[in-house]
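Student: quick one: sequence plus predicted model below, questions after.
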Amino acid sequence: MAAEQVFIPPPSLSAKFEGSFAYLTVRDRLPTILTKVIDTIYRNKNSFLEKHGQVGVDAEKRAISFLSKMRNELQTDKPLLLLSDSAEDTDAWNRYMKRQQDLMEDGQPVSWFKSPWLYVECYMYRRIQEALWLSPPICDYDAFEEGKTRSFFESQQAIMSLCTDLRTILTSADTQNKDSLFQPFLRLLQVSLWGNRCDLSISAGQENSQKTSPMESLSDLRPFILIDDSEQVWSVLMSAQRSGGTEKTGVRLDIILDNAGFELLTDLIIADFLVSVGLAKEVHFHGKSIPWFVSDVTKRDFNWTVSQTTASNHKHMSSCGVQWKRHLKNGTWSYHDHRFWTLPHEFCDMPADAADLYAALQGSDLILFKGDLNYRRLTGDRAWEHTLPFERALRGFRPAPLCSIRTLKANVQVGLKPGQAEKLASQDADWMTSGRYAVIQFCGSKE
Ligand SMILES: O=P(O)(O)OC[C@@]1(O)O[C@H](CO)[C@@H](O)[C@@H]1O
Ligand SMILES: [Mn+2]
């Protein structure tokens with residue numbers, strides 16, 4: 001194979017690089033998150049007692065002992081351990097550890113500070129789940145639920161104004177003149193983008209809800225969008241219109257969800273808009289099968305959010321909720337939670353390691369990937385040159401036209417113009433990790 005065809009990607013971000021964002025995350029933020037999980041389980045002792053009797057209290061102690069042991073391993077950079085629960089993905093996790101072990105230099109064991117950041121961070125959340133699965137009868141306890149529901153309740157004003165905006169847009173929408181829908185589309189896409197700032201992992205669980213209506217701040221936030229491929233997303237939506245003909249027009253849209261709370265509302269809002277005006281004929285939502293990165297959406301969060309919205313005494317919120325329940329009931333909307341979304345793999349591994357999911361996504365016309373962790377997995381969480389084209393960083397992960405909708409909270413970013421990163425770094429040292437900047441970054445289907 002000619003030399004230029006051998007494409008060796010740069011190293012994975014890792015805590016082995018002292019002082020790096022990965023290092024600070026593994027040293028400080030992950031132990032903080034883990035301690036909050038332990039405290040939450042401890043505070044729920046009485047409810048476990050009421051619900052399960054003494055076995056519930058024994059289970060609480062058992063889970064806390066597993067988690068405290070893991071925290072010590074993390075803080076003293078011990079080797080990662082094979083998973084010992086017998087879940088559907090246990091073998092996949094343990095095979096992945098072997099893969100990572102084979103990549104370690106000098107035969108060092110895989111460990112918290114020496115292995116790739118993406119791997120060890122995902123591994124921590126899966127070990128939290130292992131601690132609960134090994135502690136019946138509290139196996140299905142979600143230690144992050146309080147934070148996720150609080151984020152929903154404390155974003156009520158923003159949610160109400162967003163639902164009101166949607167009803168206003170739909171009341172005045174001229175669905176026969178699709179071009180007239182471009183501006184509302186742009187606004188709702190940016191609302192969904194900025195909804196990604198409300199994530200409880202970057203805040204290590206600190207309250208991080210949306211207080212004001214995002215619609216009013218879009219123009220102020222516009223300069224912070226470093227890449228804006230909204231028009232390319234729009235042209236994918238319009239192409240389905242032109243080939244619409246007589247049958248039901250609109251794309252099949254897949255949204256790879258990120259955070260519960262306000263961000264999930266923004267995703268449901270734009271999905272409802274696209275279906276209601278005929279730009280999408282079906283929407284597949286993809287969430288997580290276990291609690292993940294503190295605030296990521298699980299099936300329970302998804303269903304709870306739709307029900308809460310429906311039950312609201314705010315008329316526009318409740319009418320949105322009623323409509324969303326209708327979409328779910330008639331199959332226009334569907335929810336999926338494939339295991340791959342809570343594995344540590346880079347997305348370029350999906351064709352080999354989750355061929356069924358990759359094949360399913362190939363049936364999509366447009367895939368929206370929400371958030372920072374999805375961006376890290378799309379690009380492999382590697383120290384790429386900032387000007388590398390996005391499709392190169394995807395390394396063959398091209399199931400369908402896709403777009404990352406992401407606020408920057410980790411130091412990986414590609415597809416920038418020459419000089420753009422240098423200018424940003426001169427203005428704002430932590431431009432890649434503060435969440436102040438964002439991208440709407442598109443990659444079309446393979447030529
Ligand atoms: O995917 P999200 O919710 O936008 O962000 C996830 C995140 O907060 O967690 C990791 C840091 O702990 C980073 O990927 C990112 O900062
Ligand atoms: Mn998240």
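Tutor: Nice, I can see it. Ligands and ions are numbered 1, 2, ... in the order given.
Student: where along the stretch 101-250 of the chain do the strands fall?
Tutor: 225-228 (DSSP state E, counting those that start in this stretch).
Student: again, but for the stretch 251-400 of the chain
Tutor: Assigned by DSSP E, counting those that start in this stretch, the strands in the stretch 251-400 of the chain fall at 251-256, 280-286, 333-336, 366-370.
Student: report the strands that pair with the last one, each with its relative direction.
Tutor: Neighbouring strands of strand 366-370 in its sheet, by DSSP bridges, are strand 251-256 (parallel), strand 402-407 (parallel).
Student: looking at the ones you listed, spot the one closest to residue 362.
Tutor: Nearest of the strands paired with strand 366-370 to residue 362, taken as Cβ to Cβ: strand 251-256 at 10.5 Å. To be clear about C-beta, it is placed using only N, CA and C from the backbone, and glycine gets the same treatment.
Student: in this structure residue 74 contacts residue 25, no?
Tutor: No. Assessed by Cβ atoms under 8 Å, residue 74 is found out of contact with residue 25, at 11.3 Å.
Student: next up, the contacts around the closest residue to residue 122 other than its chain neighbours.
Tutor: Closest residue in space to residue 122, ignoring its immediate chain neighbours: residue 344 at 3.8 Å, by Cβ to Cβ, 6 or more residues apart in numbering. Going by Cβ atoms under 8 Å, 6 or more residues apart in numbering, residue 344 touches 93, 96, 118, 119, 122, 123, 126.
Student: show the pLDDT at residue 344.
Tutor: Looking at residue 344, its pLDDT reads 98.
Student: distance of it relative to residue 38?
Tutor: 23 Å (Cβ to Cβ, to the nearest Å).
Student: ok, residue 384 next?
Tutor: Look at residue 384 and residue 38: by Cβ to Cβ, they are 36 Å apart.
Student: do residue 277 as well
Tutor: 47 Å.
Student: then residue 417?
Tutor: Residue 417 is 45 Å from residue 38, by Cβ to Cβ.
Student: when the two are compared, which one has more neighbours?
Tutor: Higher neighbour count among residue 417 and residue 38: residue 38, with 20 against 11, using other Cβ atoms under 10 Å.
Student: kindly state the domain boundaries assigned to this protein.
Tutor: Domain ranges of the chain: 21-133, 154-443, per automatic domain parsing.
Student: comparing these, which gets the lowest mean pLDDT score?
Tutor: Mean pLDDT per stretch puts domain 154-443 lowest among the domains of the chain, at a mean of 94.
Student: could you tell me the end-to-end distance of that domain?
Tutor: Chord length of domain 154-443, first to last residue, is 35 Å (Cα to Cα, to the nearest Å).
Student: and the most centrally placed residue in the chain, how close does it get to ligand 1?
Tutor: The residue lying closest to the centre of the chain (Cα atoms, centre = their mean) is residue 258, at 2.7 Å. Relative to ligand 1, residue 258 is positioned 5 Å away (Cβ to the nearest ligand atom, to the nearest Å).
Student: same check on residue 182?
Tutor: Residue 182 sits 26 Å away from ligand 1, going by Cβ to the nearest ligand atom.
Student: from the chain's centroid, how far away is the longest helix seen in the chain?
Tutor: Longest helix of the chain, by residue count under DSSP state H: helix 54-75. Relative to its chain's centre, helix 54-75 lies at 27 Å (Cα atoms, centre = their mean, to the nearest Å).
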